[in-house]
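Novice: got a predicted structure here, sequence first:
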Amino acid sequence: MATTKRPAWRKGDRVMLAEHKGVIPPYDGKPFVLRDTVLTVSHLTGTGSRRNPWHVVVTDGEHFWHLDPDDVVSAETHSTMKQTAARDLDAWLERHGYHHARARKIASPITGRELFPTSERGHHITTAGRLILAADQFALPPGPEEKRRGIKGRLPIDTIKRARNALARAAQMKKRGHISAGQLAAAQRKVHAAWPSIASGA
């Protein structure tokens, strides 16, 4: 959005990138990711454009960038916006059964930030998690939907908790007529072979 009047930013103001900006254009051929970096306003400069006559010049103490005034917000506003967005996300995920606040997180090997494993959400395995499992990590062979997605089976048994759940689900599927008695027996054998402690009742 164009800013025709002189922006209110003053030298020394602490600002951050607006959420839609995210990445500063390359500087000397090197991309700078400054989504969570507090920057300082150096000065305002004219652009010579009638549509958008102002640039705000910001610095991280070493480099300078010319940005549209709409691309920056005050550091205080940015912090408030992030906190509000985080609360809204937590509420949405809780409301839809993802149990976001209790979900396991891991550290990103690249940035070190905490993030959710792609293989699970709220302790439930995701499609990405199913895709990386081998055929012997499922209690049942794949159905039409699993084949379409490239998943090698149904009812994952890669953890003991999922193996116990697979036994219960298989029995439920047999009761509803979705699988045969032979398929149920095969699923039970597969679970007990993978997890002998379940077979022994431990």
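Specialist: That came through, no problem.

Novice: find the least confident helix or strand in this structure, judged by mean pLDDT.
Specialist: strand 23-27 (a mean of 61; mean pLDDT, DSSP states H and E).

Novice: residue 128 in helix, strand or coil?
Specialist: Following DSSP: H, G, I helix; E, B strand; the rest coil, the label given to residue 128 is helix.

Novice: for residue 166, see how far away it is.
Specialist: 19 Å (C-beta to C-beta, to the nearest Å). Every residue, glycine included, has its C-beta placed from N, CA and C.

Novice: those two: which is more packed in?
Specialist: residue 166 (25 against 12; other C-beta atoms under 10 Å).

Novice: can you name the next helix or strand after the helix or strand hosting residue 73?
Specialist: Element membership for residue 73 (DSSP states H and E) is strand 72-74. Sequence-wise, the next helix or strand downstream of strand 72-74 (DSSP H and E) is helix 75-95.

Novice: elements contacting that following helix?
Specialist: Of the remaining helices and strands, those touching helix 75-95 by 3 or more C-beta pairs under 8 Å, 6 or more residues apart in numbering; DSSP states H and E are strand 14-17.

Novice: which of the residues in the strand it packs on are buried?
Specialist: 15, 16, 17 (16 or more other C-beta atoms under 10 Å).

Novice: how about that strand as PDB, C-alpha atoms only?
Specialist: The C-alpha coordinates for strand 14-17 follow below in PDB (Å, rounded to 0.1, in the frame of the first residue of the first chain):
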ATOM      1  CA  ARG A  14      12.900   0.500  17.500                       C
ATOM      2  CA  VAL A  15      11.000  -1.300  14.700                       C
ATOM      3  CA  MET A  16      10.500  -4.800  13.400                       C
ATOM      4  CA  LEU A  17       9.400  -6.200  10.000                       C
END
